[in-house]
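A.B. asks: could you work out the structure for the sequence below:
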Amino acid sequence: MSMHDRWLLAAALLGLGCGVVGAQSPDLGRAATPEEIAAWDISIDPSGAGLPAGGGTARQGEAIFAAKCAACHGEKGAGKPNDQLVGGSGTLTGDKPPVKTVGSYWPYATTLFDYIRRAMPLNESKTLANDEVYALAAYLLQLNGIIGESDTMDAQTLPKVRMPNREGFVVFTRGR
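C.D. replies: Predicted coordinates:
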């Protein structure tokens, strides 16, 4: 099957035309409203640009994690193999497969906030309040030994967190 045929099949399955039998959504093809765009325009820059008001500590995050995250990520983030959030220190080099966790792999703490807010909990994405996201980020950073249990994470402190693998990535520059 050619790439064009695959695209046509995908479009048909999604109801985007191509002679699909059945009703099409009345929202297809309309411009997104400013409110709809704003709801998804929530990216956080590594510098912290875009972080909202709010804050939380690891102590606060522990209870939230137990209620909303542990079912998938295990107790204290120790889930296996692809949902592990804690550990993996020193595994990025060597012969064995690396254990890529928040503490061993991620270069920026702001990425943790962005991902939790945008995608978690998996079956209820974008339902956590900003204070809950800050508390969960603090809890995961504390479990990985990066911050203390009573350290507050907020728009000022989170971008200042120095992640262990911050220098482990090559900066991509177009044209080089």
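A.B. asks: okay, helices next: where are they in the chain?
C.D. replies: For the chain, the helices defined by DSSP state H cover 3-13, 34-40, 58-68, 70-73, 109-119, 130-143.
A.B. asks: tell me the most buried of those?
C.D. replies: helix 130-143 (a mean of 25; mean count of other CB atoms under 10 Å). The way it works is simple: take the backbone N, C-alpha and C, and place the C-beta from them, glycine included.
A.B. asks: before we move on, back to that, of all the helices of the chain, which lies closest to residue 52?
C.D. replies: Comparing the helices of the chain by their distance to residue 52 (CB to CB), the top pick is helix 130-143, with 4.7 Å.
A.B. asks: what's in contact with that closest one?
C.D. replies: 52-58, 60-62, 64-65, 69, 76-77, 85-86, 102-103, 109, 112-113, 116-117, 120, 128, 147-149, 151-154, 158, 161 (CB atoms under 8 Å, 6 or more residues apart in numbering).
A.B. asks: now the helices of the chain in TSV, with distance to residue 170?
C.D. replies: Shown next, in TSV, are the helices of the chain (distance: least, CB to CB, whole Å):
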stretch	distance to residue 170
helix 3-13	30
helix 34-40	29
helix 58-68	31
helix 70-73	29
helix 109-119	16
helix 130-143	24
